[in-house]
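>>> below are the sequence and a predicted model for it; my questions follow.
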Amino acid sequence: MSVLDPIVELVRGLFTSGKMIFEKPVTFQYPEEKRKVRPRFRGRHVLKRYDNGLEKCIGCSLCAAACPADAIFVEASENTDEKRFSPGERYASTYEINMLRCIYCGYCEDACPTEAIVLGDNYELSFYDRRSAIYTCLLLRKLSLMFSNVRCQR
Ligand code: SF4
Ligand code: SF4
C-alpha cells in the first residue's frame with residue numbers, strides 16, 4: 001500500500017459527495033410536504049359507499065376469509081325497510097381491521113364482490129396504543145378524504 005492511497009481514497013470520497021451538490025434533493029419535508037405514492041401503492045383501507053350514500057359492503061365476510069393475517073372481523077346484520085344501510089339483504093354491523101396484523105397484501109380488496117374495501121394511498125398509520133390500531137367501519141370511512149362529506153350512519 002502506497003502512502004498516497006489514503007489521499008486518493010479521500011479525494012474519491014470528496015468527489016462522490018461533491019457531485020451530489022448538483023443533484024435534485026430527494027428529501028421531503030414531511031409532514032408539510034407529502035410524497036406522492038406509486039399508482040399501485042397499498043395504504044390504509046377505505047370502506048366505500050355508493051353515490052346515494054348506501055354502503056357498498058354487504059357483510060359477506062369474503063374479505064375476512066381471504067385475509068392471510070386474520071386481521072379482519074365482520075359481523076353482518078339484516079337490513080330492514082326502516083333501517084337500510086346497504087342495497088342488499090345484509091350489511092356489516094361490525095367491521096374491524098387490526099392494522100397491527102395487516103401486511104397490506106390486498107387480498108381483501110381482490111376478494112370483495114362489491115369493491116367496498118379498497119387499499120388507498122394514505123400511509124399515515126401511527127397510533128399510540130393497541131386499541132387505536134383496530135380500525136372500525138366508522139374510522140375507515142371517517143379517515144377517508146374521498147368520503148369525508150358522508151356522515152357515518154353508526
Ligand atoms: S391487506 Fe391483506 S393482511 Fe391486510 S387486511 Fe387485507 S387481506 Fe388482510
Ligand atoms: S368489504 Fe366486501 S368482502 Fe368484506 S364483508 Fe364487505 S362486501 Fe364482503
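Yep, that arrived. Ligands and ions are numbered 1, 2, ... in the order given.
>>> buried residues in the lengthiest helix in the chain?
As far as residue count goes, and with DSSP state H defining each element, the longest helix of the chain is helix 5-19. Using 16 or more other CB atoms under 10 Å as the test for burial, helix 5-19 gives no buried residues. Quick note: C-beta positions are derived from backbone N, CA and C, even for glycine.
>>> tell me the mean pLDDT for that helix?
Averaged over helix 5-19, pLDDT sits at 93.
>>> buried sites along stretch 104-112?
Tyr104, Tyr107, Cys108, Glu109, Ala111, Cys112.
>>> restrict those to contacts with ligand 1.
The subset of the buried residues of stretch 104-112 within reach of ligand 1, by CB under 6 Å from any ligand atom, is Tyr104, Tyr107, Cys108.
>>> kindly reformat those as a markdown table containing secondary structure and pLDDT.
Shown next, in a markdown table, are those (DSSP: H, G, I helix; E, B strand; the rest coil; pLDDT from 0 to 100):
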| residue | secondary structure | pLDDT |
| --- | --- | --- |
| Tyr104 | coil | 96 |
| Tyr107 | helix | 97 |
| Cys108 | helix | 97 |
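>>> ligand 1 contacts on the chain?
Within the chain, the residues that sit near ligand 1 (CB under 6 Å from any ligand atom) are 66-67, 69, 71-72, 97, 102-108.
>>> let me know the closest of the residues you listed to Ser126.
Closest approach to Ser126 among these (CB to CB): Cys102, at 14.2 Å.
>>> in a helix, the closest one, correct?
No: looking at Cys102 with DSSP: H, G, I helix; E, B strand; the rest coil, it is coil, so not inside a helix.
>>> got a pLDDT number for it?
According to the model, Cys102 carries a pLDDT of 96.
>>> give the contact list for it.
His45, Ala69, Ala71 (CB atoms under 8 Å, 6 or more residues apart in numbering).
>>> do you know how far Thr16 is from Gly43?
From Thr16 across to Gly43, the span is 35 Å (CB to CB, to the nearest Å).
>>> quick one: Leu132 and ligand 2, what's the gap?
One correction, residue 132 is Ser, not Leu. As judged by CB to the nearest ligand atom, to the nearest Å, Ser132 and ligand 2 stand 21 Å apart.
>>> alright, I will stop here.
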